[in-house]
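In: Next comes the sequence, and after it the predicted model I'd like to discuss.
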Amino acid sequence: MAQIDLNLGTAANSNDGDSLRAAMQTIQTNTTEIYAKGVTPLYSTLADLPSATDHHGMFAHVHATGKAYFAHNGNWVALANEASSGSSGLQEITATSGTIDLDVSSYSVFRITSNLTGATTLNIQNMESGQVIDITVSGSQTITFTSDDTSETFNKVGGVDYDGTANNHIQVVCIDQSDSAAIYNYAIGTFTSDSTP
């Protein structure tokens, strides 16, 4: 069945749209069809999810993790989540060298507030397939990526290298979160203040 649209009328309070009862009946009919197609209500824990093998293409939301999951190839795959800490999902980092942990379960934007003063390793943690993070950094130092995975590959997209003499915006996307073979793609661009694109 195709979606049934509500008759909203020609203007607010025009009295030529659906009555309240007719509108609620339409909403109920649409909702019943959606649930019949496999959109499920909230689950309390991951253990409550049905077998992903039997529910290919189904979405589910798990209360305990606060994440939405998608059944794909017999597995439940967590969809990219919004940052859970900080009102903007921004973490301002004062460290300027050494290993800097970027916890993606808490933030999606990381800003190193001062120029790097020594070699720096950006250690990406808890990143899941489909998630994208943004990092701003500057300073003429060597930067290396690593992650909390057992094994990972980082692929640079495009031909732009990190420029220690400028402000850099690095965007990283997780292509595969497999612990033994995680894949991350990243791209770099320099930026300056300019309100006319």
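Out: Everything's here; your move. Numbering: from 1, shown residues only.
In: what residue ranges in this protein score low on pLDDT?
Out: 1, 33-42, 46, 52, 54-67, 69-70, 72-73, 77-88 (pLDDT under 70).
In: wait, residue 96 sits on residue 139?
Out: Yes: with contact defined as Cβ atoms under 8 Å, residue 96 and residue 139 form a contacting pair (6.9 Å). Any C-beta I mention is one placed from the backbone N, CA and C, and that applies to glycine too.
In: any shared contact partners between those two?
Out: The overlap between the contact sets of residue 96 and residue 139 (Cβ atoms under 8 Å, 6 or more residues apart in numbering) consists of 112, 114-117.
In: Of the residues you listed - the most surrounded one?
Out: residue 112 (22 neighbours; other Cβ atoms under 10 Å).
In: doesn't residue 93 make contact with that one?
Out: Yes: Residue 112 lies in contact with residue 93 (Cβ under 8 Å); the separation is 4.8 Å.
In: shared neighbours, the two?
Out: What both residue 112 and residue 93 touch, as defined by Cβ under 8 Å, 6+ apart, is the set residue 100.
In: per-domain residue ranges of the protein.
Out: According to automatic domain parsing, the chain comprises the domains 20-78, 90-191.
In: would TSV of those with distance to residue 197 be doable?
Out: TSV is the format used below for the domains of the chain (distance: least, Cβ to Cβ, whole Å):
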stretch	distance to residue 197
domain 20-78	33
domain 90-191	12
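In: Pick the most deeply packed of those domains.
Out: domain 90-191 (a mean of 16; mean count of other Cβ atoms under 10 Å).
In: Centre of the chain to it, how far?
Out: On the basis of Cα atoms, centre = their mean, to the nearest Å, domain 90-191 sits 15 Å off its chain's mean C-alpha point.
In: For that domain, measure first residue to last.
Out: 18 Å (Cα to Cα, to the nearest Å).
In: Same check on stretch 116-132?
Out: End to end - Cα to Cα - stretch 116-132 spans 23 Å.
In: Give me the contacts around that stretch.
Out: 77-81, 96-105, 108, 133, 135, 137-148, 164, 171-177, 184.
In: And the strands in this structure?
Out: With DSSP state E as the criterion, the chain has strands at 42-43, 59-62, 67-72, 75-78, 90-93, 98-103, 109-112, 120-125, 132-137, 143-147, 152-156, 167-176, 182-191.
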